[in-house]
Structures are given as C-alpha cells and as structure tokens.
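Colleague: Sequence and predicted structure, then a few things I'm wondering about:
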Amino acid sequence: MATPHACAALVDVFPDLLRARRTLVGTTNTPAAVALAVVHQRGPLRISEVAEHLSLDLSTVSRHVTHLKAKGLLTSAPDPDDGRSQRLSVTDAGVEELRTFRRALVDRLVEHLDGWDDVDVDDLTRLLGRLTRATECLPRTAAASPETTPTTLETTLQANA
C-alpha cells in the first residue's frame with residue numbers, strides 16, 4: 001500500500017505534470033478540443049452529457065460546441081430518444097482535426113523525450129493508466145476541467161491513430 005509520504009510526493013508533482021501538458025498541448029482552445037475528443041470517443045452525445053463528462057457548466061460547453069459546429073467539426077441531429085434534444089457527432093473534418101492534433105503532440109513528445117527510451121515511456125504510460133483507473137471511482141469536483149484531466153484528449157487521440 002502506498003504511504004502518505006509517497007502520495008504527498010506524487011501530489012507535489014501534479015502541478016509540474018499540468019504545466020508539462022500545457023507546454024506540449026498548448027492552450028489554444030484546448031477545452032473545445034477536449035469536448036471534440038469526448039464526443040468522438042463516446043459517440044453521439046447530448047451537450048449535457050459532454051458537460052457532465054468534463055465536469056463543466058452547460059453554458060461553457062455550449063459555447064465550445066457552437067464554436068466547433070461553426071468550424072464544421074461537430075454536427076447535431078435530433079435525439080431519437082427525446083425529440084427535444086440534439087445528439088452531437090464528430091464530422092470527418094473533426095476526426096481529421098483530432099488526428100492532426102495527435103500527430104503534432106506525438107512529434108512534440110518525441111522532441112522533448114529524446115533522452116528517454118521506449119521502456120521509460122512504456123513504464124510511465126502504464127503507471128499513469130494505473131493511476132487513472134485507481135481514481136476513476138472518485139467523484140469529480142466542481143474545479144475539475146480539461147486542464148485538470150490531462151489524459152482525456154490524449155487517450156482519445158491515441159485511439160484514433
């Protein structure tokens with residue numbers, strides 16, 4: 001079992017991990033990109049479901065969805081279960097946008113991890129996955145956002161490679 005001392009050391013590196021993510025991913029409309037990735041990963045969703053998954057306010061997600069639809073990256077269709085609602089889907093252009101983003105992210109990682117070997121990267125990937133699975137049962141807090149959930153976009157983009 002992990003000790004409080006070891007867990008405290010892990011907590012201490014979280015800000016650095018988030019900073020590294022911002023350096024690699026950038027901040028240009030990242031929440032909208034994360035919303036796009038969530039819709040792609042989870043299939044046609046209502047805006048409320050995207051907001052719930054990201055632990056964001058419905059109005060915030062609605063703005064991102066409006067932006068993504070205007071760019072032709074998302075489309076909406078009537079919800080067959082509730083005609084008053086719309087289901088969002090990622091367009092072909094949206095899938096290509098996610099692929100382009102992923103390629104750029106992989107290239108940046110390769111550049112920044114030039115002193116790492118594949119074993120190091122595999123170990124980190126395995127351990128981050130294990131951490132993610134261990135914390136999945138925890139309730140999301142109001143402060144949670146795409147900036148505080150660094151694996152959402154990367155996981156989706158990896159699945160689309």
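Modeller: Received it, and whenever you're ready, just let me know what you need.
Colleague: in stretch 100-108, what's buried?
Modeller: In terms of neighbour count (16 or more other Cβ atoms under 10 Å), stretch 100-108 has its buried residues at 101-102, 105. To be clear about C-beta, it is placed using only N, CA and C from the backbone, and glycine gets the same treatment.
Colleague: next one: stretch 21-38
Modeller: 21, 24-25, 30-38.
Colleague: Need the distance between the two termini of that stretch.
Modeller: End-to-end distance for stretch 21-38, by Cα to Cα, to the nearest Å: 18 Å.
Colleague: Now do the same for that stretch: mean pLDDT, whole number.
Modeller: The average pLDDT for stretch 21-38 rounds to 80.
Colleague: starting at the chain centroid, how far to that stretch?
Modeller: 7 Å (Cα atoms, centre = their mean, to the nearest Å).
Colleague: next one: stretch 18-31
Modeller: 11 Å.
Colleague: same deal with stretch 115-135?
Modeller: Taking mean C-alpha positions (Cα atoms, centre = their mean), stretch 115-135 and its chain are 17 Å apart.
Colleague: and if you look at stretch 84-98?
Modeller: 15 Å.
Colleague: Got phi/psi on residue 82?
Modeller: phi -150, psi 100 (degrees, to the nearest 10).
Colleague: Over to residue 129?
Modeller: Backbone torsions of residue 129, given as degrees, to the nearest 10, read phi -60, psi -40.
Colleague: That one and residue 99: what is the separation?
Modeller: Here the criterion is Cβ to Cβ, to the nearest Å. By it, residue 129 lies 22 Å from residue 99.
Colleague: Please enumerate the strands of this protein.
Modeller: 74-79, 82-90 (DSSP state E).
Colleague: pLDDT weak spots in this structure?
Modeller: Residues of the chain meeting the criterion pLDDT under 70: 27-29, 138-161.
Colleague: can we see that at 50?
Modeller: 142-161 (pLDDT under 50).
Colleague: Residue 44 and residue 87 touch, don't they?
Modeller: Yes - applying Cβ atoms under 8 Å, one finds residue 44 in contact with residue 87, separated by 3.9 Å.
Colleague: which neighbours do the two share?
Modeller: Here residue 44 and residue 87 share the contacting residues residue 77, scored by Cβ atoms under 8 Å, 6 or more residues apart in numbering.
Colleague: Who has more neighbours out of these two?
Modeller: Using other Cβ atoms under 10 Å, the more surrounded residue of residue 44 and residue 87 is residue 87, with 19 against 16.
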